[in-house]
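Asks: here is my input; please provide its structure:
(one chain, ligands or ions: 1)
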Amino acid sequence: MTSILKLEIQKKTFKKKCFSILHDFELEVEAGERLSIIGESGVGKTSLLNIMGLLDPHYHGSYKLFDSSVKDLSQNKLAEWRNRKIGFVLQESALIHSLTIEDNIKLPLLYAHLEKDPAAQDHFKRIITKIGIEPILKKKPLECSGGQRSRAVFARAVMMNPQIILSDEPTASLDSKNKENIINLLFDMNKEFNTTLITVTHDLDVANRHERIITLERNE
Ligand SMILES: Nc1ncnc2c1ncn2[C@@H]1O[C@H](COP(=O)(O)OP(=O)(O)OP(=O)(O)O)[C@@H](O)[C@H]1O
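Replies: Prediction:
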């Protein structure tokens, strides 16, 4: 097995509040692994995803991703990896309100100059069909329900067929049918492309369907 991610955090501090979390936290993830992260509210799950997703460089410790030390990477390389290699399923607010759902979902293709690529178009069609959002493609995010926006965020995150999908409560605002669709799509991608799944969830049913569960504990 190949390690895709190795994180050794001494702590993550928030300057304004003189407050720190994730004390002596270590994690190694294999390529293709399905990992779920659970833990009580405020323990640091989203903060950890932000570090893993290259959104937050402010922590004490080391982080090796795809065999490179993250602290040695240029801003351009970090941006490229965020767009191409990492799919980040954030909360629904991450959609751009002035763009249609279709344009939001296709943004990663635009950044990578792949909007006319036939394989990317096929992947787009496959994803939107699978999660049933064709009827809302021409709508703006604020004209959609919370569950529809969540599915659009998910579609955008997997548009580049990333090597890692980091999901923060991906099923929180979904009914049981849509929850199944999202989970099935995640697991299909894992099976077909060996995509590594790292999923933060409060839903133990979702957590239990991953092969490894870690529980973040509150620091003393
Ligand atoms: N920018 C910030 N400044 C100060 N404290 C912060 C900041 N962001 C997060 N925190 C604090 O860090 C802790 C961890 O937050 P985080 O959102 O990572 O928790 P979580 O485990 O994801 O919680 P939840 O399950 O409720 O989403 C919380 O106590 C939170 O108040």
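Asks: C-alpha from now on. contacts and neighbour counts both.
Replies: Fine.
Asks: give me the mean pLDDT for the helix or strand in which Leu49 is found.
Replies: Leu49 belongs to helix 45-52 when assigned by DSSP states H and E. For helix 45-52, mean pLDDT is 94.
Asks: packing partners of that helix?
Replies: Contacts defined by 3 or more Cα pairs under 8 Å, 6 or more residues apart in numbering; DSSP states H and E place helix 45-52 against strand 164-168.
Asks: just want the angle from the strand it packs on to helix 45-52.
Replies: Put simply, strand 164-168 runs at 150 degrees to helix 45-52, going by axes from the mean of the first three to the mean of the last three Cα atoms, to 10 degrees.
Asks: longest helix of the chain?
Replies: Across the chain, the longest stretch assigned as helix under DSSP state H is helix 176-193.
Asks: now the following helix or strand past that one: average pLDDT?
Replies: Toward the C-terminal end, the helix or strand that comes next after helix 176-193 (DSSP H and E) is strand 196-200. Average pLDDT, strand 196-200: 97.
Asks: now for the strand ranked longest in the chain, which elements pack on it?
Replies: As assigned by DSSP state E, the longest strand anywhere in the chain is strand 3-14. Strand 3-14 sits against strand 19-21, strand 25-30, strand 60-65, with contacts defined as 3+ Cα pairs under 8 Å, 6+ apart.
Asks: before we move on, back to that, what angle do the longest helix of the chain and strand 196-200 make?
Replies: 150 degrees.
Asks: chain center to helix 176-193: distance?
Replies: Centroid separation for helix 176-193 versus its chain: 14 Å, with Cα atoms, centre = their mean, to the nearest Å.
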